[in-house]
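A.B. asks: sequence plus the predicted model coming up.
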Amino acid sequence: MELTKGANTALGDRPVEITVGWRTAGAAGSQTSLDVCALRLGSNGKVREDADLVFFNAPSSPDGTVRHIGRAPDGQAEVVTIDPARQPADVQAIVVTATIDVVTPQLTFGGLDVRATVKDLSTGQELASFAPPPLGPEKALVVVELYRRGDAWKVRAVGQGYASGLAGLATDYGVDVGGDEDVTPPAVATAPAPRPVVGPAPGFTGRGPAEAPAQTRQAPAPPAPAAVPALAKASDLPPTGDPKIDMRKRLDLRKQAVKVVLTKQGLSGKQARVALALDASGSMRPLYKRGTVGRVVERIAAVAATMDDDGTLDVWSYATEALALPPLRVDYLADWIPLYVRQRKATTGQGGAEATLAREEAARRAGWPIPNWEGIGGQNEEQKVIAAIIDHFGRMPAPPPALVLVLTDGGLYRDRMIADLLRQASKLPIFWQFVGVGKAQYGILEKLDTLSGRVVDNAGFFAVDDLDEIDDAVLYQRLLSEFPAWLRAARAAGIPV
C-alpha cells in the first residue's frame, strides 16, 4: 500500500523490516550519506531513556525488539527491524528518522528522493511504502511512525523535516545531545588549508603506510620549503602528557614481557609484520577521551618492536572509511600517539580539541602529515579496513607473515562481507586477532572458530571489559595465543610463512 503524508495503515502484531532508501540526481548521489535511527517514545512523546535511541552505534534496544541492521550493500539505504507486539507497555510509539551524516554537512534533503518500505519480516511481503514530498533546507526527517491504537499497532507516513537538523529533532523527542560534538559539523572543517594525503612522515624510514582510500583523499599540500625541519622535535609540539613519564623504560619492560610469551609459545626470534586497526566509530568516544586507546597503542607497540621485521607498526584508523596512518616507529612513540590516536572529532584527542588542533598545526609546520579525519565518518565498516590491509600486505613479498590486531567495540553488522574477506584471506600469510573492548554485539567475530570455507583457521577473537585492568603479561598472552597454531596450519597448507 502506497501511503501519502499523514495516512496510516494497520500492521497487526507481526515483526516488520523498515528500509529507508535515498537517491539524488547526478554524480552527487554517490556522495550522499544518511543516518537512519529509531526512537521509542513514551506517552509524553519523548524517549524514556537513552537506550530508546537505536542507531548504528547503539544497534539494538536492550530487549532486542528494535534493531538497526545496517546499510544496504549499495550504500543507499539503511534497515531497522521492529517487533511491535513485544514492546514494553509504556512504549506508545516508535519513530524512524533520517539525518544528513556529518560526513556530508553541505547536503540537505532538498532534491533528495527518500523512500521508506515496510515489510513483514518473516515473509518479505510489502505492507506499506511512503515517499515524503520534496523538502528544502532540512537536514533531518521523521520518515514514519509506528504507534499503538488500542491493542493494535499502525504505521503512519510522517515526512516532517527539521531545518535545525539532528539537534532540533533530538530536542523534540527528549534526546540529550548537549556536549555531543558529533551533532554539528566540526569547525575545523571550514579551515582554508587543505588536508594533505596521508603519507610517510619525513624522517620515518622503513615501510610506508598503505594507500589512503580514494574517497577520503584530499589534494596534496604544496611541498614544504627547505627551511622546514625534516622531523618534528619534542620541543616543536605542544605538551602532550606528563614529562616525567619514561615511555622508553616502559617499552623496554614490555618488550621483555613479549619475549617471555614468545619463548613459551616456541616462537623466540620469530619475525612478523605487525599491524593494528583502531575502531574510531562514534561509540568508541569514551575510550579515546579516557586515553584507553592511546595506552593500547603504546602496549601493542612493544609487540611490533619485538617481532616486526623492521620494528614498525602499520596502523589504520577506521569507521565508515578506512584511514591509513603514518607507520609508527617506537623512536617516535611519545609524539606519534598524541598526534594520531583520535577520532573524527578533535575533542577525542589527548587534551581535548584545543590541544589536539594546536598539536596538529605545529606538527604540520614541522612536516608531519595530518590525516583527513573528517573523511573517516562514524559508522562500523570493518570490512573496509580488512580489505585495505589485505591489499597492503598483498603487495609485499612473503615471508615474514603478518599479524594483524583489530580493536573493536562491537556493533558489527557486515557479517557476510567480513566472513567472505576472511575466507579469501585464509590462503594468505596473514593472521587476524580481533580484540573486543565493548559489550555490544560482535556478530561474526564470536563465530570465527566455526567459520567454514577457509584454507586454515586464520582469525581469533577475545573480548575484555576493561583493557586497562589487564596486565601486560596477560594481554600479550591473549594477543599471541592463537598465532602459533595458525603458523603450523599455514605451513602444512603450503602458505609461505
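C.D. replies: Everything's here; your move. Keep in mind that this is a model prediction, so the values were computed, not measured. Numbers count the residues shown, from 1 in each chain.

A.B. asks: chain center to the worst-scoring helix or strand of the chain on mean pLDDT: distance?
C.D. replies: The weakest-scoring helix or strand in the chain, judged by mean pLDDT, DSSP states H and E, is helix 165-172 (a mean of 74). In terms of C-alpha atoms, centre = their mean, to the nearest Å, the centre of helix 165-172 is set 24 Å apart from its chain centre.

A.B. asks: with stretch 452-469 instead?
C.D. replies: 18 Å.

A.B. asks: show residues contacting that stretch.
C.D. replies: 292, 295-296, 422-423, 425-428, 430-439, 442, 445-446, 448-449, 451, 470, 475, 478, 481-482, 485-486, 489-490, 492-493, 495 (C-beta atoms under 8 Å, 6 or more residues apart in numbering). For every residue, glycine as well, the C-beta is placed using N, CA and C.

A.B. asks: in that stretch, what counts as buried?
C.D. replies: 454, 455, 456, 457, 458, 459, 460, 461, 463, 467 (16 or more other C-beta atoms under 10 Å).

A.B. asks: alpha carbons only: can I get stretch 490-497 in PDB?
C.D. replies: Written as PDB, here are the backbone C-alpha positions of stretch 490-497 (Å, rounded to 0.1, in the frame of the first residue of the first chain):
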ATOM      1  CA  ALA A 490      49.600 -22.400   7.300                       C
ATOM      2  CA  ARG A 491      52.900 -24.200   6.800                       C
ATOM      3  CA  ALA A 492      51.000 -27.500   6.400                       C
ATOM      4  CA  ALA A 493      48.800 -25.900   3.800                       C
ATOM      5  CA  GLY A 494      51.700 -24.500   1.800                       C
ATOM      6  CA  ILE A 495      51.200 -20.900   2.800                       C
ATOM      7  CA  PRO A 496      54.500 -19.100   2.800                       C
ATOM      8  CA  VAL A 497      55.100 -18.100   6.500                       C
END
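
A.B. asks: just the buried residues of that stretch, please?
C.D. replies: Here stretch 490-497 shows 490, 495, 497 as buried, counting by 16+ other C-beta under 10 Å.

A.B. asks: any idea how far that stretch is from the chain center?
C.D. replies: On the basis of C-alpha atoms, centre = their mean, stretch 490-497 sits 32 Å off its chain's mean C-alpha point.

A.B. asks: ok, which stretches of the stretch 251-400 of the chain are helices?
C.D. replies: 285-289, 292-307, 333-340, 352-365, 382-394 (DSSP state H, counting those that start in this stretch).

A.B. asks: so residue 157: helix, strand or coil?
C.D. replies: Put simply, residue 157 is strand when judged by DSSP: H, G, I helix; E, B strand; the rest coil.

A.B. asks: now for it, how many residues are close by?
C.D. replies: Neighbourhood size, residue 157 [other C-beta atoms under 10 Å]: 22.

A.B. asks: would you agree it is in contact with residue 141?
C.D. replies: No: with contact defined as C-beta atoms under 8 Å, residue 157 does not count as touching residue 141 (11.8 Å).

A.B. asks: what's the overlap in contacts for these two?
C.D. replies: In contact with both residue 157 and residue 141: residue 132, using C-beta under 8 Å, 6+ apart.

A.B. asks: tell me, how many residues neighbour residue 37?
C.D. replies: So residue 37, with other C-beta under 10 Å, has 25 neighbours.

A.B. asks: using the three-state scheme, assign it.
C.D. replies: strand.

A.B. asks: measure it to residue 166 for me?
C.D. replies: 9 Å (C-beta to C-beta, to the nearest Å).

A.B. asks: what is in contact with these two at once?
C.D. replies: residue 99.

A.B. asks: in contact with residue 486, which residues?
C.D. replies: 431, 456, 457, 458.

A.B. asks: for those residues, which one is nearest residue 77?
C.D. replies: residue 458 (31.7 Å; C-beta to C-beta).

A.B. asks: what about that closest one, distance to residue 491?
C.D. replies: From residue 458 over to residue 491 the distance is 13 Å, taken as C-beta to C-beta.

A.B. asks: what does residue 461 give?
C.D. replies: From residue 461 to residue 491 the distance is 23 Å (C-beta to C-beta).
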